[in-house]
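*Asks:* Quick one, fold the following:
(chains A, B, C and D)
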Number of protein chains: 2
Amino acid sequence: MGLDKRKRQVLYAIVHDYIQTGEPVGSRTISRRYELGVSPATIRNEMSDLEEMGYLEQPHTSAGRIPSDLGYRFYVDFLLRVPSLTRQETEMIKRVLSLRMRSAEEIVQQLARLLSALTSYTAIVLGPSESQARLRQVQLVPISSRQIYLVGVTDGGLLLNRMIEVPGGVAPESLAYLQQWLNQRLAGLTLEQIKAQSLADVQHDMQISIDLFETVVDELLGIAHRPEAGKVYLGGTTNILNQPEFHDLQKVRTILELLEEDALIWQAIAQVAGKGISVSIGTENPLSAMHDCSLITAEYRLGGGLVGHFGLLGPTRMNYERVFALVQGVCDTLNQLYGKES
Amino acid sequence: MGLDKRKRQVLYAIVHDYIQTGEPVGSRTISRRYELGVSPATIRNEMSDLEEMGYLEQPHTSAGRIPSDLGYRFYVDFLLRVPSLTRQETEMIKRVLSLRMRSAEEIVQQLARLLSALTSYTAIVLGPSESQARLRQVQLVPISSRQIYLVGVTDGGLLLNRMIEVPGGVAPESLAYLQQWLNQRLAGLTLEQIKAQSLADVQHDMQISIDLFETVVDELLGIAHRPEAGKVYLGGTTNILNQPEFHDLQKVRTILELLEEDALIWQAIAQVAGKGISVSIGTENPLSAMHDCSLITAEYRLGGGLVGHFGLLGPTRMNYERVFALVQGVCDTLNQLYGKES
DNA sequence: TGTTAGCACTCTCCTTTGGCGAGTGCTAAT
DNA sequence: ATTAGCACTCGCCAAAGGAGAGTGCTAACA
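*Replies:* Numbering: from 1, shown residues only, chains lettered A, B, ... in the order given. Coordinates of the predicted model:
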């Protein structure tokens, strides 16, 4: 924080300019484009100071300066001026997200498309975690003698499906009984609560086999068992090809290969993400393949207890101001549309 | 074919060598690596002839020759020597495809992974068409007052799900009645047959509103209405980055952007694919973005009438012999595993 | 007539060279 | 504390030259 006003102005100017042009910024450029009222020489001195403090870097002697990860960090934390979205953008977000969609999956897929279309970065959306999902009802559909299809409906009106194998086979009456029991007992609870609840007291009043009961409940809670895995939805994977910093095929490959690894991506985002909007810049990222990238993440809520995270992955030279505005706008719109229980 | 034995040998040698090295093949190379018993000069003459006939091309004066699309075509049609798979490869295919999988989607996803892992090309698998799927039973699950969830089970034991909106609302009895009727009347038929069948005679014996009936049947046939769309599963998208001919970022972008367009991909494959294994070489491809690529496609069958297509997309300089062997092996294994009704 | 050796020629690829431009750091003046 | 001036550094680019690979042609040969 030991930065006086002018140093901040210079740092802001450099980051801002570099984000727009992608080329190292020289002292002359700054004094021309940003009205700081001082000469290039003065700015040079400031730049020299900033470099020594670690906020700037020089690609090579006698090129301009570019921000270091630390420089971006300071910029994001203290200098950012988040603009507001244009009317059209707001409209577009609203329009796309309020398309008639039938499942959480569709919403999430649209979200990925939308984010990537608006930013020229790659959008990553983690499928909503079901452990917070509140069950409204459960239906057990007999498929074959040994298979049951479980259809759960969350408070938000979204579906959770599971195919359940029951080695022993099931009689239709048992199924009906079990279904009724599940609905009576579990409706309104989240999967997590169900899991936490002691189900020990069940046994005595059940008219069906414990085996069947356990199989079904286990499967219903299935996803909650492995919270570190989940579906990953991508949008605009090819956008990074348009970024000048990825004109290097090697870098492109690194990133694209990473994006195929759902598990890694999931973990990385889960690790980085916080409650509101979080930013992870360059080497701050847990995965070394992302050390040239920045990741902006946020939480979304679809109602009925379905929450998840999404992120935008771009070069460290990403347009933070715009992305912040956009992410904020998308979150607001989602809350507005799905926030109240539907 | 107006190619004498030696011309065939030369053509084979050039295609074979170019596929392996990726570099234009000169007359010296051929006489050294392939024992044709003639001197480079003679081969030069043959090459000159082959070029005039359109089977070869010269990138520039005084480089070696490379096969033209026509050259590859002749090679694929008449010269190919399909090797057999190694024991390990056969094992691997069998192992991967016989993992316990519960839905067609999972199988198809595994298929894409497998194909791309075994080649260094991009695997494209089109989700199975449901229009040939034979229905075993249908279950209608009430979700809310205005929503029904339709769960269909195919003869193969795979699921077809649809959410159906019924503006007017449904009484549980109507639903039960409708379900029973559907099962009596439609079981064992394919969606296509159901669609073709006149449902005009229905009206008189129905105790439920025509509206409800039509909504549900329409939705059940939904997919059949738009056969030109469908889910596309990819594997090994980044594999093309390893191909030397795609060291050009522009080309990479073209292909990767194409691969994000599910609808285009679907159409392209559907258009190209035939009954057995088909090959579409370079400019033979319907999409101009694929004019530098070859696409090998084949049909797969999952039982219960679920059939679809898959393909391998690589440079025209693709290893056709190996890919043929592999595709054949995969088809055989799939037939073996899922071919008989399960 | 088909095949082969010899040779001049062509074209790409790689490296070297030198000039240009942008930007810096230092010094001395204000 | 700020600024003008200036020498210096370094990457970029285009031009030049040499090496290598391969061809096409011609003339000799079986």
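
*Asks:* For residue A:148, give me the pLDDT.
*Replies:* Reading off the confidence values, residue A:148 has pLDDT 86.

*Asks:* And the strand or helix carrying residue A:73, what does it pack against?
*Replies:* Assigning secondary structure by DSSP states H and E places residue A:73 in helix A:69-74. Packing partners of helix A:69-74 (3 or more CB pairs under 8 Å, 6 or more residues apart in numbering or on different chains; DSSP states H and E): helix A:5-21, strand A:278-281. Every C-beta, even on glycine, is put in place using the N, C-alpha and C of the backbone.

*Asks:* Helix or strand next in line after it, which one?
*Replies:* The helix or strand immediately downstream of helix A:69-74 is helix A:87-97, counting by DSSP H and E.

*Asks:* Kindly export that next one (C-alpha atoms) in PDB.
*Replies:* The C-alpha trace of helix A:87-97 is given here as PDB (Å, rounded to 0.1, in the frame of the first residue of the first chain):
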ATOM      1  CA  ARG A  87     -28.500  -1.300 -21.800                       C
ATOM      2  CA  GLN A  88     -28.100  -3.900 -24.600                       C
ATOM      3  CA  GLU A  89     -25.900  -6.100 -22.500                       C
ATOM      4  CA  THR A  90     -28.200  -6.100 -19.600                       C
ATOM      5  CA  GLU A  91     -31.000  -6.900 -22.000                       C
ATOM      6  CA  MET A  92     -29.100  -9.700 -23.600                       C
ATOM      7  CA  ILE A  93     -28.200 -11.300 -20.300                       C
ATOM      8  CA  LYS A  94     -31.800 -11.200 -19.200                       C
ATOM      9  CA  ARG A  95     -33.100 -12.500 -22.400                       C
ATOM     10  CA  VAL A  96     -30.700 -15.500 -22.700                       C
ATOM     11  CA  LEU A  97     -31.100 -16.500 -19.100                       C
END
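
*Asks:* Run through who's touching it.
*Replies:* With contacts defined as CB atoms under 8 Å, 6 or more residues apart in numbering or on different chains, helix A:87-97 is touched by A:85, A:107, A:110-111, A:113-114, A:118, A:326, A:329-330, A:333-334, A:337.

*Asks:* do that again at 7 Å, thanks
*Replies:* A:110, A:114, A:118, A:329, A:330, A:333, A:334, A:337 (CB atoms under 7 Å, 6 or more residues apart in numbering or on different chains).

*Asks:* Please flag which of the residues you listed sit within strands.
*Replies:* Taking DSSP state E, every one of the contacts of helix A:87-97 sits outside strands.

*Asks:* Quick one, which of the residues you listed are buried?
*Replies:* Buried by 16 or more other CB atoms under 10 Å in any protein chain shown: A:110, A:114, A:118, A:329, A:330, A:333, A:334, A:337, out of these.

*Asks:* What ranges does the stretch 51-200 of chain A have for its helices?
*Replies:* A:69-74, A:87-97, A:104-119, A:172-186, A:191-196 (DSSP state H, counting those that start in this stretch).

*Asks:* how about JSON lines for those, with mean pLDDT and distance to residue B:285 added?
*Replies:* Listed next are the helices of the stretch 51-200 of chain A as JSON lines, based on pLDDT from 0 to 100; distance: least, CB to CB, whole Å:
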{"stretch": "helix A:69-74", "mean pLDDT": "98", "distance to residue B:285": "44"}
{"stretch": "helix A:87-97", "mean pLDDT": "94", "distance to residue B:285": "32"}
{"stretch": "helix A:104-119", "mean pLDDT": "92", "distance to residue B:285": "26"}
{"stretch": "helix A:172-186", "mean pLDDT": "84", "distance to residue B:285": "51"}
{"stretch": "helix A:191-196", "mean pLDDT": "77", "distance to residue B:285": "47"}
